[in-house]
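Trainee: this one's sequence-less:
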């Protein structure tokens, strides 16, 4: 089964209909299961609000297309460990990215992103 976790970058591109967004759409169409981290939902909502746009349509689209991966205490601890490890190697690797990566590991998925901070991670599928 093909599973993907889309990060905030992938959702923003998908929702904007950009060229990269069309690539995200192709990946979605070719997958059997799509996931999103609550951290990515928060990032997209923030981006929409900061740009003066209503986030509700974006949230409806995200929750229609994907399953929301709610992570528990052990997952939060794992995300913290991921963040501590990767932050040494990739200075811009965010805590939100760590939750995305933890969700991908938990559900056996690949992370679909254009974020170069994921470059070189075996779980990542980068869109350029």
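Mentor: Yep, that arrived. Everything numeric here is computed off the predicted structure, so don't read it as measured data. Numbering: from 1, shown residues only.
Trainee: all strands for the protein, in order.
Mentor: Assigned by DSSP state E, the chain shows strands spanning 3-6, 33-37, 67-69, 110-113, 124-126.
Trainee: Show me what counts as buried in the longest one.
Mentor: Residues of strand 33-37 classed as buried by neighbour count (16 or more other CB atoms under 10 Å): 34-37. (Glycine included, C-beta is placed from N, CA and C.)
Trainee: Would you mind putting the strands of the chain into CSV with mean pLDDT and distance to residue 51 alongside?
Mentor: Conversion of those to CSV gives the following (pLDDT from 0 to 100; distance: least, CB to CB, whole Å):
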stretch, mean pLDDT, distance to residue 51
strand 3-6, 98, 19
strand 33-37, 98, 20
strand 67-69, 97, 23
strand 110-113, 98, 20
strand 124-126, 96, 24
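Trainee: Turn these into a markdown table, including distance to residue 103.
Mentor: Below are the strands of the chain laid out as a markdown table (distance: least, CB to CB, whole Å):
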| stretch | distance to residue 103 |
| --- | --- |
| strand 3-6 | 5 |
| strand 33-37 | 5 |
| strand 67-69 | 4 |
| strand 110-113 | 8 |
| strand 124-126 | 13 |
